[in-house]
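A.B. asks: Need a 3D model of the sequence below.
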Amino acid sequence: MLEAWRGNVILPDRILPDGVVLCEDGRIVEVSRRKRTPRQARLIEAHYISPGFIDIHLHGGDGADYMDGTAEAVRTVNRAHRRHGTTTVFPTTTTGSPEEIERMIAACRTVRDSWTPADGARLAGVHLYGPFFAESKVGCHPADGRRDPTTTEYERYFASGIVRIATCAAELPGAEAFYRAARRKRCLITCGHSDASWTEMARAYKAGMRHVDHFWCAMSSVPSLRARLGTPMQGSMEQFVIAHQEMSTEVIADGQHLAPELLAYAWRMKGAARLCLVTDSNRALDRPPGRYRFGNQHTGSWFESNGKVGFVPGALASSVVALDSMVRVMARHSGAPLPEVVRMASLTPAERTGIASETGSLEPGKRADVIALTARLQVLEQR
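C.D. replies: Numbering: from 1, shown residues only. The predicted structure follows:
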């Protein structure tokens, strides 16, 4: 089928006014300022035509969590995010038992290998996130599922062939061996839920680490390192990421986790090519306020949702909105031009995870991951 998407086309570096994206047989065949569209094409018109969003850090939605460990749970989450314009996802593990993580990975592989558009967002790989967190930075994840990395455990996960993003707190014993193993698998290697010092980050960088998860959330700071290591005060993950050009990071731009000045600061310091928008969403996305489990439906930790964000006493606990909301908040509060905001939700995560030749921007030859947006960046239609 030939489709013509007409509107202001959002490219990585500019907006093409009154443009047309022609797609045929699941691929983009032309991006131009056509005055006429082919008569046989199905026409989709909107204020903006955008690449589909890519979420590299998400846990759940619509009542399900990937750690529920079933193919139906995976499809439920993927369908929920697809409704919000996310066309590619990297399902993300929480802390939990090795058996729970293996069931989650197996369910993701089943959905990936049998994927159809009815399954929702396309699954590009698994983000191995929990369980290798610092004990002091577990956050809302189940604390009894946290542990240090061991070769025997993580090599089983890597052997699945589906892990594409791999996270470990840099200060844990065995972290550098984990990073080197992940580098051999060509993963995006990240440090998260960590109280790492500059020195520990430098060792991780040498081992292949190039990304840190949700900036300012569950990460070290100069005061936290003083409490951990004493004086003199030491540089933290924040300073290390800002000082190293190759390092990338992500922000949860839900309007609840970070104030507008922090969103603007992250964009100014790292730029759109090194900053990803992520949801870190939980099962309360698209569900009413209430009490939910984070992680596995039977063993996960409890949190509350007020319809705007998840929280536990004294702390936030993941977001309850999707990437379309993040794009709107970032566009409204960061000062970044719209093409750069959309890039943070599409091409940048594609580049960092090695899938940019297939998706992430509206270019001929790439997959037809296209969404239609209103002038207020509400999702109208997606493919």
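A.B. asks: Low-confidence stretches in the stretch 251-383 of the chain?
C.D. replies: Where the stretch 251-383 of the chain drops to pLDDT under 70, the residues are 381-383.
A.B. asks: All the strands of it, residue numbers only.
C.D. replies: All strands of the stretch 251-383 of the chain, identified by DSSP state E, counting those that start in this stretch, fall at 275-277, 290-294, 301-305, 309-312, 315-319, 370-373, 379-382.
A.B. asks: Buried residues in the third one, which are they?
C.D. replies: Neighbour counts over strand 301-305 (16 or more other C-beta atoms under 10 Å) mark S301, F303, S305 as buried. (Each C-beta comes from the backbone N, C-alpha and C, glycine too.)
A.B. asks: quick one: the second one and A41, what's the gap?
C.D. replies: Read that as F303. According to C-beta to C-beta, to the nearest Å, F303 and A41 sit 46 Å apart.
A.B. asks: in the helix of greatest length in the chain, what's buried?
C.D. replies: Counting residues, the longest helix found in the chain (DSSP state H) is helix 98-113. Judged by neighbour count using 16+ other C-beta under 10 Å, the buried positions of helix 98-113 are P98, E100, I101, E102, R103, M104, I105, A107, C108, R109, V111, R112.
A.B. asks: hang on, the earlier thing: make a markdown table out of the buried residues of strand 301-305 and add distance to M1.
C.D. replies: Formatted as a markdown table, these follow (distance: C-beta to C-beta, whole Å):
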| residue | distance to M1 |
| --- | --- |
| S301 | 45 |
| F303 | 43 |
| S305 | 39 |
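A.B. asks: nearest to H257, of the strands of the stretch 251-383 of the chain?
C.D. replies: Across the strands of the stretch 251-383 of the chain, H257 has its closest neighbour in strand 315-319 (5.9 Å, C-beta to C-beta).
A.B. asks: send the alpha carbons of the closest one over as CSV?
C.D. replies: This file holds the C-alpha atoms of strand 315-319, laid out as CSV (Å, rounded to 0.1, in the frame of the first residue of the first chain):
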residue,chain,number,x,y,z
ALA,A,315,10.3,9.7,46.8
LEU,A,316,9.2,9.4,43.2
ALA,A,317,8.7,6.0,41.7
SER,A,318,8.8,6.1,37.9
SER,A,319,6.5,7.9,35.5
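A.B. asks: That one: which residues count as buried?
C.D. replies: Across strand 315-319, burial judged by 16+ other C-beta under 10 Å covers L316, A317, S318, S319.
A.B. asks: wait, which of those residues is closest to L16?
C.D. replies: The closest of those to L16 turns out to be S319 (C-beta to C-beta; 31.2 Å).
A.B. asks: excluding its backbone neighbours, what's nearest that closest one?
C.D. replies: D254 (4.5 Å; C-beta to C-beta, 6 or more residues apart in numbering).
A.B. asks: what do you get for V21?
C.D. replies: Using C-beta to C-beta, 6+ apart, the closest residue to V21 is W5 (4.2 Å).
A.B. asks: for K366, same thing?
C.D. replies: Nearest-residue entry for K366: I28, 5.3 Å, with adjacent residues in sequence omitted and distances by C-beta to C-beta, 6+ apart.
A.B. asks: Also R274?
C.D. replies: Once flanking residues are discounted, R274 sits nearest to S248: 4.2 Å by C-beta to C-beta, 6+ apart.
A.B. asks: What residues of stretch 13-33 count as buried?
C.D. replies: If you call a residue buried by 16+ other C-beta under 10 Å, then stretch 13-33 has these buried ones: I15, L16, G19, V20, V21, L22, C23, I28, V31.
A.B. asks: Now intersect these with the strands, please.
C.D. replies: I15, L16, G19, V20, V21, L22, C23, I28, V31 (DSSP state E).
A.B. asks: rewinding a little: parallel or antiparallel, list what pairs with the helix or strand that the longest helix of the chain is followed by.
C.D. replies: Remark: after helix 98-113, the chain's next helix or strand is strand 122-123, criterion DSSP states H and E. According to DSSP bridges, strand 122-123 forms sheet pairs with strand 86-91 (parallel).
A.B. asks: pLDDT on the strand it pairs with, on average?
C.D. replies: The average pLDDT within strand 86-91 is 98.
A.B. asks: and the protein, what are its domains?
C.D. replies: 1-51+360-383, 53-359 (automatic domain parsing).
A.B. asks: deepest of those domains, which one?
C.D. replies: Stretch with highest mean neighbour count among these: domain 53-359 (a mean of 21; mean count of other C-beta atoms under 10 Å).
A.B. asks: How far away from the center of its chain is that domain?
C.D. replies: Relative to the chain's own centre, domain 53-359 is displaced by 6 Å; criterion: C-alpha atoms, centre = their mean, to the nearest Å.
A.B. asks: ok, now which ones touch the residue nearest to S319?
C.D. replies: Taking C-beta atoms under 8 Å, 6 or more residues apart in numbering, we find D254 in contact with T279, K308, V309, S319, V320, V321, S325, M326, V329.
A.B. asks: repeat that with 7 Å
C.D. replies: D254 sits next to V309, S319, V321, S325, M326, V329 when contact means C-beta atoms under 7 Å, 6 or more residues apart in numbering.
A.B. asks: do the same with T76
C.D. replies: Applying C-beta under 7 Å, 6+ apart to T76 gives the contacts D62, G63, A64.
A.B. asks: Let's have these in JSON lines, adding secondary structure and distance to A356.
C.D. replies: Shown next, in JSON lines, are the contacts of T76 (DSSP: H, G, I helix; E, B strand; the rest coil; distance: C-beta to C-beta, whole Å):
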{"residue": "D62", "secondary structure": "coil", "distance to A356": "28"}
{"residue": "G63", "secondary structure": "coil", "distance to A356": "32"}
{"residue": "A64", "secondary structure": "strand", "distance to A356": "29"}
